[in-house]
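Undergrad: sequence and predicted structure, then a few things I'm wondering about:
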Amino acid sequence: SLIELMVAIAILALAIFGIFQAYSVGFMGMADARDRTVATNYLQQTLEDFKNMEFTQVKNEPITLIPDTKFSRGTYVLNLETIDDVVTLKKVISQVRWVDRQGNIKTEKASTIIYNKPATSEVGDEAVELFLYAQSYYTIMPTNEVNLIAEIKDENGNIYDWNGTIYFSVITDPANTPPVGSLNSSSVQAVSGIANCIFTAISEEELAALGGDVEGTERIQATATVDVEELTDTVNIRVTTGPIGIVIEPVSEEDDRVLAAGAGVESNLKLYVVKADYETHVEYDSPITLSADGPGTLSETTITSVPTDGASFMLASDGTPGIVEITASAPDLDIGYIEITFTGEPASIIITPGKKSIYPGEDINIIVTIVDENNVSIDFDGIIDLSVVPPEYGIFSPNSLDFGLTSLLELESTFTAYTSAPPGETITLQANSGSLSGSIEITILSLLTPKYLKLFAYPTSFDLIEGETYPTITATVYDDSGTEIVTTYNTPITFYAKIGEDNFGSFSDNNVIPIDGEVEVELSSTIAGTTIVTASSDDLILRPEEGWEVVFYQAATHIVLSADPYEIEAVG
């Protein structure tokens, strides 16, 4: 009948609608998967590029469009380790973002660790590359400066020992009118393969003449001819007064960066958009995308606009201990990044000795830390008992640490090896508190024979009129190999400063007992002149034998001009 036919058509329509809906969802899922695969490939390519890059040139990169695609990518570089003011370990966090068919912003993120590869012991035969980089910023505000460093390197990645001229120039094409910055020199004499040049952004006076709005990039080139080969490299320095990056900070630094994991635990955060000095906050009217990777959930994933005083959001713990990485990105800004740690219950004790070997009679510093299951330092209110196995090899002072008396996350003790401890044996340092424990092994070394007393003076010249810190004289006791410091040496070291047989200058201290095999004193003088610094202790041999020459001067009196060589060929 007609009614039965209409019912059948209705049922068939519902079935067909469901099938088409499934197809639609499936196609959208496949499209999303395809986009994420492409994004992952771009991430892998980016990280590989950074791995193959000169370490000093690994830097932040703003989110920029990948040509001829709908994808944009950017990178945030986090310095993880610095030794003697030199960055040795970086974490590179790259993000790819795109807009899907529904207009939603999607992101994919990946990260890697990059080590500063130490120079190989094998010195290369020739210079093969010149690397130019900025320290530390590639985007600056008007009137600011940035240090440009050019390094000549051999085929093994070592700094090439070369003392020639490196030429710096601005090669922006087309040229900025007027230029947004200038170099302090067009040629710099390299010292042991390294030369420095200063780029200064446009001055405040020029900025005012231009109406207070500066935006421009200068391309800087460094060139050197080494062993007939011309080496060159370039960097871009951007000068701007506009927004440049994103900064994410806890509302309370003390309370919101490290929290105990648990239901209802939240970290209150604030996001700012900043100028190139990363201190001046500015208003920003475009959306910023937030993403979190780790055991936490963001209160929002998009901030539509950011006022000058920042935009607030929250990160909620899901109850699992761990580190949450929060990334913020926008198409024209450097990526913002912060890590929030949710800690768990005490899981173990970490003992960190000052070094893994010790001489009989020597002291070393021991740091004790309580960590959770992820080895994250946490608060602890118990007492840690320290012990030595075997006990006849050494002693702790103190031998117990009460974390309940302090808010510190780590406490220190001193371990002393007995003079009777036999060389070659292994000592186990143990820490216990109830069910918590930790241990580490250190080795007893054979006693070193002190033989050399090595001097070092810095600086070797001092301006009596404008100087602030007098030259520091360092005396270090070395063994008979001349390579190992004798940390147990405890005989006083006496310093001398003379011109001929006459005393010249005075030391901040003298007849000083070394600490860990070393003594530092300051040398001062009230009159100008040159003095020779020497030192003695027992029968140690002084190195260098002639001592160190230190010059005290008051004012420049003449100029010494020299040439190398003094004779050259015509047109040479």
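TA: Perfect, I can see it now. Residues are numbered from 1 along each chain as shown.

Undergrad: the biggest strand by length in the chain: which residues count as buried?
TA: In the chain, ranked by residue count with DSSP state E as the criterion, the top strand is strand 86-99. When burial is assessed from 16 or more other CB atoms under 10 Å, strand 86-99 yields the following buried residues: Val87, Lys90, Lys91, Val92, Ile93, Ser94, Gln95, Val96, Arg97, Trp98. Heads up, the C-betas are built off the backbone N, CA and C, glycines and all.

Undergrad: ok, that strand: who's next to it in the sheet?
TA: Here the strand partners of strand 86-99, with direction, are listed using DSSP bridges: strand 72-83 (antiparallel), strand 105-115 (antiparallel).

Undergrad: nearest to Ala134, out of these?
TA: Distances from Ala134 to each of those were compared using CB to CB; the shortest belongs to strand 72-83, at 13.1 Å.

Undergrad: list the contacts of that closest one.
TA: By CB atoms under 8 Å, 6 or more residues apart in numbering, the residues outside strand 72-83 that reach it are 42-43, 46, 50, 58-66, 87-98, 113, 327, 329, 331, 334-337.

Undergrad: can I get the longest strand of the chain in PDB, CA atoms only?
TA: Extracted as PDB, the C-alpha positions of strand 86-99 are listed here (Å, rounded to 0.1, in the frame of the first residue of the first chain):
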ATOM      1  CA  VAL A  86      78.800  28.900  27.600                       C
ATOM      2  CA  VAL A  87      75.600  27.000  26.600                       C
ATOM      3  CA  THR A  88      76.300  23.300  26.200                       C
ATOM      4  CA  LEU A  89      72.800  21.800  26.000                       C
ATOM      5  CA  LYS A  90      69.700  23.000  24.200                       C
ATOM      6  CA  LYS A  91      66.200  21.700  23.900                       C
ATOM      7  CA  VAL A  92      64.500  22.500  20.600                       C
ATOM      8  CA  ILE A  93      60.700  22.500  20.600                       C
ATOM      9  CA  SER A  94      59.100  22.800  17.200                       C
ATOM     10  CA  GLN A  95      55.400  23.300  16.400                       C
ATOM     11  CA  VAL A  96      53.400  23.000  13.200                       C
ATOM     12  CA  ARG A  97      50.000  24.600  13.000                       C
ATOM     13  CA  TRP A  98      47.200  24.800  10.400                       C
ATOM     14  CA  VAL A  99      43.500  25.500  10.000                       C
END
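
Undergrad: now it: how far from the chain's centre is it?
TA: From the chain centre to the centre of strand 86-99 is a distance of 13 Å (CA atoms, centre = their mean, to the nearest Å).

Undergrad: ok, for Ile105, nearest residue in space, not its chain neighbours?
TA: Ranked by CB to CB, 6 or more residues apart in numbering and with sequence neighbours excluded, the top spatial neighbour of Ile105 is Thr289, at 5.0 Å.

Undergrad: can you list the buried residues in the helix or strand hosting the one you found?
TA: In the assignment (DSSP states H and E), Thr289 maps to strand 288-293. Of the residues in strand 288-293, those buried by neighbour count under the rule 16+ other CB under 10 Å are Ile288, Thr289, Leu290, Ser291, Ala292.

Undergrad: before we move on, what about stretch 516-532?
TA: Taking 16+ other CB under 10 Å as the basis for neighbour counts, the residues of stretch 516-532 that come out buried are Asp516, Gly517, Glu518, Val519, Val521, Leu523, Ser524, Ser525, Thr531.

Undergrad: any figure for the gap between the first one and Ser317?
TA: Asp516 is 44 Å from Ser317, where distance means CB to CB, to the nearest Å.

Undergrad: do Val389 as well
TA: Val389 is 39 Å from Ser317, where distance means CB to CB.

Undergrad: ok, the two, which is more surrounded?
TA: Ser317 (24 against 14; other CB atoms under 10 Å).

Undergrad: the more buried one pairs with what?
TA: According to DSSP bridges, the partner residues bridging Ser317 are Gly296.

Undergrad: pLDDT check: weakest of the buried residues of stretch 516-532?
TA: Of all the buried residues of stretch 516-532, Asp516 carries the smallest pLDDT score, 86.

Undergrad: and for that residue, nearest residue in space, chain neighbours not counted?
TA: Take Asp516 and drop its neighbours on the chain: the residue closest to it by CB to CB, 6+ apart is Thr487, 4.6 Å away.

Undergrad: separation between the residue nearest to Ile105 and Lys109?
TA: As judged by CB to CB, Thr289 and Lys109 stand 11 Å apart.

Undergrad: ok, Glu218 next?
TA: Distance from Glu218 to Lys109, by CB to CB: 32 Å.

Undergrad: hang on, the earlier thing: wait, what's in contact with the residue nearest to Asp516?
TA: Tyr359, Glu362, Asp516, Gly517.

Undergrad: format the residues you listed as TSV; extra columns: secondary structure.
TA: As requested, these are exported to TSV (DSSP: H, G, I helix; E, B strand; the rest coil):
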residue	secondary structure
Tyr359	coil
Glu362	coil
Asp516	coil
Gly517	coil
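
Undergrad: and the strands paired with strand 86-99: which comes nearest Ala563?
TA: So among the strands paired with strand 86-99, strand 72-83 is nearest, using CB to CB, at 39.4 Å.

Undergrad: quick one on the thing from earlier: neighbour count winner among Glu218 and Lys109?
TA: For the pair Glu218 and Lys109, the greater number of neighbours falls to Glu218 (22 against 19), based on other CB under 10 Å.
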